[in-house]
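# Return a 3D structure for these sequence lines:
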Amino acid sequence: MTDPDATSQLSVDGGTPTVLRVPAATDRLALVRAVVETALYIEDWVLDDVIDAKVAVDEICSQIIAAAVEGSSIQITLQMTDNGVAGEVRGDLVDGVTLDESSFGWRIVQTVTDSHTITYDDATGTDSGRTVTIRFSKVRG
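Okay, the predicted model is just below:
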């Protein structure tokens, strides 16, 4: 169940975030998964929580990639906290496209994260798209 206040339960201590920027292409998903998994294991997360976070980021990135402006990139930021992770995935979508929040994949995102938000910004600096930002949190089990 998604808790809209879950992010406020995470005490972000100002540590250096893990940031990955890759081309918005399906062949980069394996790299995204590996970075998320490694970052969480370094923080001593348990297997089930690592899998949840990795699946959420994978689905978010997959949806962005499916609607991405050609030649654009996605950026994943993970801010580790004492009791969880606050994440952000950002990419440029084709103008007029929104992410499908009614899909099975998005239901998985809702199930495995404690909170998530989606915002769209029409100011991408290009004439053919807009930026989407998905923020999520996952509290350690």
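
# Stretch 63-79: how far from the chain's middle?
9 Å (Cα atoms, centre = their mean, to the nearest Å).

# Pull out the buried positions in stretch 72-81.
Ser72, Ser73, Ile74, Ile76, Thr77, Leu78, Gln79, Met80, Thr81 (16 or more other Cβ atoms under 10 Å). Quick note: C-beta positions are derived from backbone N, CA and C, even for glycine.

# now for the lengthiest helix in the chain, which elements pack on it?
Using DSSP state H to define each element, the chain has its longest helix at helix 47-66. If you count contacts as 3 or more Cβ pairs under 8 Å, 6 or more residues apart in numbering; DSSP states H and E, helix 47-66 packs onto helix 29-42, strand 73-80, strand 84-94, helix 104-112, strand 129-139.

# Could you export those as JSON lines, including mean pLDDT and distance to Ile65?
Putting the helices and strands packed on helix 47-66 into JSON lines (pLDDT from 0 to 100; distance: least, Cβ to Cβ, whole Å) gives the following:
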{"stretch": "helix 29-42", "mean pLDDT": "96", "distance to Ile65": "8"}
{"stretch": "strand 73-80", "mean pLDDT": "96", "distance to Ile65": "7"}
{"stretch": "strand 84-94", "mean pLDDT": "95", "distance to Ile65": "8"}
{"stretch": "helix 104-112", "mean pLDDT": "94", "distance to Ile65": "12"}
{"stretch": "strand 129-139", "mean pLDDT": "93", "distance to Ile65": "11"}
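
# Check the protein and tell me which residue is nearest its centre.
Taking Cα atoms, centre = their mean, the centroid of the chain lies closest to Val89, which sits 3.9 Å from it.

# Bridge partners for it, pull those for me.
Assessed by DSSP bridges, Val89 has beta-bridge partners Ile76, Ile134.
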